[in-house]
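Peer 1: I'll drop the sequence and a predicted model, then ask my questions.
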Amino acid sequence: MLDLLLLPLNFAKRLLEAIKEEADREMLNTTDSIKVRMTEIELQYSQGKISKEEFEEAMEALAEKLRKLEETG
């Protein structure tokens, strides 16, 4: 009986979680967020928190994502 009463709340919770996940995915695909992430990566590298290889891989992946977004948008 309690499960039936909580069903609407559980549904709402799952719906809000799905909306948040989709918003997070969209945010990762914006040009500005990619540029911010590139700046964060540069800072991590300059502070010695990541290796040169990690820096180059991350920057290459982000640059490619940025190129694709700029081509389509």
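Peer 2: Thanks, I have it.
Peer 1: from now on I want contacts and neighbour counts done on CA atoms only, so please keep to that.
Peer 2: Noted.
Peer 1: report how many residues lie close to Ile34.
Peer 2: 19 (other C-alpha atoms under 10 Å).
Peer 1: likewise for the one 10 residues further on?
Peer 2: Applying other C-alpha under 10 Å, we find 14 residues neighbouring Gln44.
Peer 1: which SS class is it?
Peer 2: The three-state label given to Gln44 by DSSP: H, G, I helix; E, B strand; the rest coil is helix.
Peer 1: return the distance of the longest helix seen in the chain from the chain's centre.
Peer 2: Longest helix in the chain by number of residues, with DSSP state H as the criterion: helix 2-28. Helix 2-28 has its C-alpha centroid displaced from the chain centroid by 18 Å (C-alpha atoms, centre = their mean, to the nearest Å).
Peer 1: pLDDT weak spots in the protein?
Peer 2: Residue ranges of the chain with pLDDT under 70: 27-29, 73.
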